[in-house]
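Colleague: Sequence and computational prediction follow.
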Amino acid sequence: MAQAQLTSLPSAAGVLGDASPRTTYLGQVDAAEASLVARCQSGDPEAWRVFVERFQVQLYNTAYGYVQNRTEADDLAQEAFLAVYRALPSFRGEARLQTWLYRITVNVCLQAIRRRRPATAELPDEYEDGAARTHTPSWQAGPEDLSLRREARLRVRQMVAQLPAKFREVVVLCDLQDLPYEETAAILRISIGTVRSRLHRGRNRLKEMLKDYFHELEAAA
């Protein structure tokens with residue numbers, strides 16, 4: 001990610017308020033994160049640099065799960081960090097910090113997707129270890145199967161990007177980001193039952209979209 005752009009945001013004046021310490025309720029945040037947030041809220045640029053380094057992979061992977069494009073994911077992660085920076089003064093810790101960050105990033109991604117025309121997501125040239133993980137069909141992994149595994153991962157991720165937004169967001173968070181249902185529900189502000197229902201329907205749509213492709217793989221095996 002373009003760290004230079006993320007870590008060199010303007011001074012806190014006009015964005016994070018004045019540089020004086022404030023009393024902040026951070027009931028859902030552990031002591032180390034509470035201290036880091038408080039320092040960011042007081043306008044400490046070094047604290048912001050540490051904050052970005054700590055959470056940039058999380059925000060990037062979330063964005064990548066939505067758009068399946070490295071350049072666009074990087075841009076969206078930077079946009080999400082800017083939104084986080086602007087919202088930090090109002091963060092009081094009623095939710096877990098990770099949940100709050102996911103929620104902002106998801107909103108940024110959904111807004112970006114709504115702004116653009118529907119299109120097939122661009123696939124990366126190679127599978128990134130840093131990109132969000134996804135589930136693939138199981139078979140014996142011989143040397144000749146490695147390329148098939150890679151292709152299957154790419155195809156699944158491409159299809160995820162084509163799911164309707166309400167199914168895509170739960171598949172990204174639950175299956176690609178491995179978040180529990182409870183946290184996904186908190187991020188999206190929906191019930192756990194709705195998470196389960198949308199995840200079930202999203203997975204079924206993926207199976208249908210990928211059915212012919214996996215039949216071809218099985219026939220070729």
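Modeller: On my side now, so go ahead. Residues are numbered from 1 along each chain as shown.

Colleague: Give me the below-cutoff pLDDT ranges for this protein.
Modeller: Within the chain, the stretches with pLDDT under 70 are 1-29, 116-150, 152, 214-221.

Colleague: Pop out the phi and psi values for residue 162.
Modeller: Main-chain torsions, residue 162, degrees, to the nearest 10: phi -100, psi 0.

Colleague: State the distance from it to residue 110.
Modeller: 15 Å (CB to CB, to the nearest Å). In short, each C-beta sits where N, CA and C put it, glycine included.

Colleague: can you pull out the strands in this structure?
Modeller: Using DSSP state E, the chain contains no strands.

Colleague: What ranges does it have for its helices?
Modeller: 3-7, 31-41, 45-67, 70-87, 97-115, 146-161, 165-170, 181-188, 192-220 (DSSP state H).

Colleague: Dump those into CSV; add mean neighbour count as well.
Modeller: Listed next are the helices of the chain as CSV, based on neighbours: other CB atoms under 10 Å:
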stretch, mean neighbour count
helix 3-7, 14
helix 31-41, 17
helix 45-67, 20
helix 70-87, 20
helix 97-115, 19
helix 146-161, 17
helix 165-170, 20
helix 181-188, 20
helix 192-220, 14
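
Colleague: Kindly report the domain assignment for this structure.
Modeller: What the record gives for the chain is the domain set 3-115, 143-220, from automatic domain parsing.

Colleague: Identify the residue spatially nearest to residue 172, adjacent ones excluded.
Modeller: residue 65 (3.8 Å; CB to CB, 6 or more residues apart in numbering).

Colleague: The closest residue to residue 108 other than its chain neighbours: what's it in contact with?
Modeller: Nearest residue to residue 108, sequence neighbours excluded (CB to CB, 6+ apart): residue 80, at 4.5 Å. Taking CB atoms under 8 Å, 6 or more residues apart in numbering, we find residue 80 in contact with 59, 62-63, 101, 104-105, 108-109.

Colleague: gap between residue 80 and residue 31?
Modeller: 25 Å.

Colleague: got the contact list for residue 213?
Modeller: Contacts of residue 213 (CB under 8 Å, 6+ apart): residue 155.

Colleague: Residue 164 is in contact with residue 209, correct?
Modeller: No: at 11.7 Å, residue 209 does not count as touching residue 164 under the criterion of CB atoms under 8 Å.

Colleague: Setting aside sequence neighbours, what's the nearest residue to residue 40?
Modeller: Using CB to CB, 6+ apart, the nearest residue to residue 40 is residue 47, at 4.8 Å.

Colleague: My error: substitute residue 101 in the last question.
Modeller: With sequence-adjacent residues excluded and distances taken as CB to CB, 6+ apart, residue 101 is closest to residue 55, at 5.9 Å.

Colleague: now do residue 171
Modeller: Residue 171 sits nearest to residue 202 (CB to CB, 6+ apart), 4.5 Å away.

Colleague: I'd assumed residue 162 was in contact with the one you found.
Modeller: No: if you go by CB under 8 Å, residue 202 and residue 162 don't touch, sitting 11.1 Å apart.

Colleague: and residue 93, how many neighbours?
Modeller: For residue 93, the tally of surrounding residues (other CB atoms under 10 Å) stands at 16.

Colleague: about what we covered before: identify the farthest-apart pair in the contacts of residue 80.
Modeller: Using CB to CB, these span at most 12.6 Å, a distance reached by 101 and 109.
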